[in-house]
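# no sequence on this one, just coordinates:
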């Protein structure tokens, strides 16, 4: 009996050790060899951390330099590893996040093929553990039947006729922002922060029918959660002790996730109460209303769970606000560089609209030639190397 126990005591650690080295060494080396045989090169795999240390070092070094005045060549600054590796290994290359292989595709035609995914061969990444807490299994992550259900709801909520009804709300929010700016004439304004407030106000009102205060609380919590994503996106969890080393970060992320969930639950409960009290004939025609209605469905084919509802809310808040805020800030920055196009665009707007605000029935929108001119678009936008990142689970 003793010999059997001793044998098992030796066998189990040996098995775990073999499994560990297979996952952390043999498999990555095998994938790297096969990819190179197909012409896909990249930085060599390093045991445990992959290329994360290299990326971290390059990013630290990049922040030591200052961008030339009014330069929009930001790729070497924000993604120095992508900038360097595309030059060394070509437009498509392989890198490593720990023992996970990541294929970077920067050729536009291939990016289009991956994103269209006509044959369904490209699976969506579930994302890093902290990023998954931000978006959950929302529209950006869901696939198959679940994706179709969620996409249908989103399409219905943001169809063109409903977007037209949002215009007065959007115009009102922009007016409030510009009025506030008028009191800061001659002073510097942090437009990125201003656009953060603007987009959160618009999204809260148009998609969720909530107040700016309610929306602001959610955005602040999502922002704190995103800061954890940024701080840990290059961290590789070590086997066994990884969870212990990241205990406090994991605890903070879990707590933020619970708070965000409860904030959305409060908004959802208010919407249901308004319907039950007769204040609303239905749950509302905005995105939240459609999601709540789907959650209350008796038909299991159409019903969405409360977890899915909250994940969709998180996705809409994050994707709707963060991307728009960044785009508006970037447009203002590039127009500040290209003052000739700024003046042309301003003159066209005043010639067509004067002091009036655009409306959905205004034909002058289609008459804007400067803003829609291809040369203008090339001058006020930057097409940097796009990349699509996908995880290779097996080869």
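Sure, I can see it. Bear in mind the structure is a predicted one, so any value in this text is a computation, not a measurement.

# CA atoms for contacts and neighbours, from now on please.
Fine.

# would residue 104 count as being in a helix?
No. Counting by DSSP: H, G, I helix; E, B strand; the rest coil, residue 104 is not found in a helix; it is strand.

# quick one: low-confidence parts of this structure?
1-7, 9, 69-70, 125-130, 212, 237-248, 362, 371-395 (pLDDT under 70).

# what about the closest residue to residue 224 other than its chain neighbours, how many neighbours?
Distance criterion Cα to Cα, 6 or more residues apart in numbering; nearest residue to residue 224, sequence neighbours excluded, is residue 256 at 7.9 Å. When counting by other Cα atoms under 10 Å, one arrives at 19 neighbours for residue 256.

# Who are the packing partners of the helix or strand hosting residue 256?
Remark: residue 256 resides in helix 247-276, with elements defined by DSSP states H and E. Counting contacts by 3 or more Cα pairs under 8 Å, 6 or more residues apart in numbering; DSSP states H and E, helix 247-276 packs against helix 129-135, helix 212-232, helix 287-295, helix 306-337.

# Now do the buried residues in the next helix or strand after the last one.
If I follow you right, that is helix 306-337. Downstream of helix 306-337, the first helix or strand assigned by DSSP H and E is helix 339-353. By 16 or more other Cα atoms under 10 Å, the buried positions in helix 339-353 come out as 341, 342, 345, 348, 349.

# With stretch 289-306 instead?
289, 290, 291, 292, 293, 294, 295, 296, 303, 304, 306.

# and if you look at stretch 180-190?
In stretch 180-190, counting by 16+ other Cα under 10 Å, buried: residue 181.

# The residue positioned nearest the centre of the chain and residue 134: what is the separation?
Centroid-nearest residue in the chain, with Cα atoms, centre = their mean: residue 319, separated by 5.3 Å. Using Cα to Cα, to the nearest Å, residue 319 is found at 10 Å from residue 134.

# most packed of the helices and strands packed on helix 247-276?
Looking across the helices and strands packed on helix 247-276 with neighbours counted as mean count of other Cα atoms under 10 Å, the highest average goes to helix 287-295: a mean of 22.

# And that one, how far out from the chain middle?
Distance of helix 287-295 from its chain centroid, counting by Cα atoms, centre = their mean, to the nearest Å, is 22 Å.

# same question, stretch 332-340
26 Å.

# what do you get for stretch 272-284?
That offset, for stretch 272-284, works out to 32 Å (Cα atoms, centre = their mean).

# Please enumerate residues in contact with it?
271, 289, 290, 292, 293 (Cα atoms under 8 Å, 6 or more residues apart in numbering).

# which one of these is nearest residue 124?
residue 290 (25.2 Å; Cα to Cα).

# quick one, what contacts the closest one?
Contacts of residue 290 by Cα under 8 Å, 6+ apart are 153, 157, 283, 284.

# can you list those residues in CSV and add distance to residue 207 and secondary structure?
What follows is the contacts of residue 290, written out as CSV (distance: Cα to Cα, whole Å; DSSP: H, G, I helix; E, B strand; the rest coil):
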residue, distance to residue 207, secondary structure
153, 12, helix
157, 8, helix
283, 13, coil
284, 10, coil
